[in-house]
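> Coordinates only, no sequence provided:
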């Protein structure tokens with residue numbers, strides 16, 4: 001019997017299901033937009049409907065009985081309240097919902113350590129407190145609930161639980177959290193890649209002993225999908241902004257830079273996000289102009305200009321300066337040189353970000369995989385390689401569902 005592994009990704013706009021074989025090859029996939037289902041993106045029923053549709057599409061092309069394990073990832077910090085039977089008691093509170101209860105935020109701030117990811121206006125713990133007012137039996141994260149629809153067990157993972165106050169170093173909900181919420185309402189937590197239970201009876205025709213595996217967040221799943229597995233492996237997500245993640249033997253917590261560490265597969269995933277990135281390029285150029293001008297760039301010759309491309313004042317990582325002003329000049333006569341100087345400036349910020357993580361205790365950078373829109377620009381990639389003194393490694397996949405399927409495969 002062939003063995004297949006199912007990864008389910010609940011993203012910001014829809015669900016994606018992907019099946020891997022034992023060699024890591026994609027054999028089938030399916031997707032479904034949240035907008036294809038009535039109820040809105042906050043509705044748990046819509047999340048489940050999208051997941052169902054995506055899973056059915058993927059399973060239509062394989063022998064369903066070959067699927068031996070599955071895992072789910074969801075948007076980090078998206079939460080819901082359920083009753084004892086697992087039925088939702090409210091709409092979900094989304095990953096980007098801002099808590100406006102200043103008294104609650106002050107209460108969390110007063111009792112929690114600086115290193116927790118549960119602080120701030122997008123605190124997962126604040127959402128849990130707000131959801132507990134529904135009289136719920138349990139507060140869950142989005143991925144927990146979708147996985148629970150398969151296993152019947154409402155278990156979380158260490159990555160999704162991080163923003164809710166979970167302590168990944170001690171491996172438990174911390175004592176201080178009782179000053180904010182009754183911890184009995186919070187889910188039990190397992191390491192990503194740990195078997196939670198079995199599917200049992202289900203509507204998809206999956207074998208009853210198909211394993212349900214503790215999942216992760218969409219961000220961590222995207223990292224795993226690239227194939228980065230060793231300490232010193234980094235991933236640069238170069239989209240509208242620049243996000244840096246690096247595998248480390250040790251946890252790194254530097255809240256002044258927005259850096260927290262996820263524990264995953266025996267290592268620690270530390271990362272931060274700069275305000276630079278593709279949005280800064282779009283201040284002066286359209287996407288078509290960037291593509292055309294990039295062909296005129298010689299990435300082997302530096303412009304000598306020292307840009308710090310930002311859309312507006314303020315930076316968070318690799319420097320924490322809310323007043324840092326953009327540097328986008330002096331502007332040369334040739335537009336191609338101006339664009340190249342912007343590429344070089346973002347590459348310099350990327351290199352500085354990895355150095356910052358090393359200064360904070362991460363291992364030296366040994367490899368970089370690049371994802372996002374900027375990763376497909378050859379001139380920019382070569383500029384970044386020269387700045388990092390490393391050739392870019394090709395990512396295995398750009399799909400978060402691929403990383404989640406790898407977690408399911410790792411469990412067995």
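Arrived safely, thanks for sending. Model, not experiment: these values are computed from the prediction.
> how about the helices in the stretch 301-412 of the chain?
Along the stretch 301-412 of the chain, the stretches classed as helices by DSSP state H, counting those that start in this stretch are 335-359, 378-388, 400-411.
> Contacts for the shortest one, please.
Okay, so that is helix 378-388. Under the contact criterion CB atoms under 8 Å, 6 or more residues apart in numbering, helix 378-388 has outside partners 236, 294-295, 297, 299-300, 340, 343-344, 347-348, 350-351, 354, 365, 368, 370, 374-375, 391-392. Just so you know, the C-beta spots here come from the backbone N, C-alpha and C atoms, and that holds for glycine as well.
> just stretch 225-235 next, same as before
Applying CB under 8 Å, 6+ apart, the external contacts of stretch 225-235 come out as 222-223, 244-249, 265, 267, 354, 362-371, 393, 395-403, 406.
> Now the buried members of the residues you listed.
Members of these that pass the buried threshold by neighbour count (16 or more other CB atoms under 10 Å) are listed as 222-223, 244-248, 265, 267, 354, 362-363, 365, 367-371, 393, 395-397, 399-403, 406.
> Now tabulate the helices of the stretch 301-412 of the chain in TSV and tack on distance to residue 81 and mean pLDDT.
Putting these into TSV (distance: least, CB to CB, whole Å; pLDDT from 0 to 100) gives the following:
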stretch	distance to residue 81	mean pLDDT
helix 335-359	36	98
helix 378-388	44	97
helix 400-411	24	96
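> of all these, which lies closest to residue 135?
Taking CB to CB, helix 400-411 is the member of these nearest to residue 135, at 31.9 Å.
> Give me the packing partners of the closest one, helices and strands only.
Using 3 or more CB pairs under 8 Å, 6 or more residues apart in numbering; DSSP states H and E as the contact criterion, the elements in contact with helix 400-411 are strand 4-10, strand 14-20, strand 67-74, strand 211-217, helix 218-225.
> mind checking which of those is nearest residue 411?
When the helices and strands packed on helix 400-411 are ranked by proximity to residue 411, the top entry is strand 211-217, at 4.3 Å, counting by CB to CB.
> and the closest one, which strands flank it?
Each strand paired with strand 211-217, and its direction, by DSSP bridges: strand 67-74 (parallel), strand 195-198 (antiparallel).
> The longest one: what's the following helix or strand?
Secondary structure here is assigned by DSSP states H and E; on that basis, the next helix or strand after strand 67-74 toward the C-terminus is strand 79-82.
> residues in contact with that next one?
Surrounding strand 79-82, the residues in contact under the criterion CB under 8 Å, 6+ apart are 44, 88-93, 124, 127-128, 131-132, 134, 136-142, 145, 154, 164.
> now stretch 17-27
Judged by CB under 8 Å, 6+ apart, the contacts made with stretch 17-27 from elsewhere in the structure are 2-9, 28-31, 51, 54-55, 57-59, 61-62, 67, 396-397, 399, 401-402, 404-406, 409.
> now swap in stretch 401-408 and tell me
The list of residues contacting stretch 401-408 from outside it, by CB under 8 Å, 6+ apart, reads 5-9, 16-20, 24, 26, 29, 69-73, 192-193, 211, 213-216, 220-226, 396-397.
> where do the strands sit along the stretch 101-250 of the chain?
Shown for the stretch 101-250 of the chain, the strands assigned by DSSP state E, counting those that start in this stretch span residues 138-141, 155-157, 188-190, 195-198, 211-217, 233-238, 242-248.
> Format the ones you listed as JSON lines; extra columns: mean pLDDT and distance to residue 114.
Below are the strands of the stretch 101-250 of the chain laid out as JSON lines (pLDDT from 0 to 100; distance: least, CB to CB, whole Å):
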{"stretch": "strand 138-141", "mean pLDDT": "96", "distance to residue 114": "23"}
{"stretch": "strand 155-157", "mean pLDDT": "98", "distance to residue 114": "23"}
{"stretch": "strand 188-190", "mean pLDDT": "97", "distance to residue 114": "22"}
{"stretch": "strand 195-198", "mean pLDDT": "97", "distance to residue 114": "32"}
{"stretch": "strand 211-217", "mean pLDDT": "97", "distance to residue 114": "22"}
{"stretch": "strand 233-238", "mean pLDDT": "96", "distance to residue 114": "25"}
{"stretch": "strand 242-248", "mean pLDDT": "96", "distance to residue 114": "19"}
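> which stretch among those comes nearest residue 317?
Nearest of the strands of the stretch 101-250 of the chain to residue 317, taken as CB to CB: strand 242-248 at 7.6 Å.
> care to break this structure down by domain?
Residue ranges for each domain of the chain read 4-220+400-411, 231-393, as given by automatic domain parsing.
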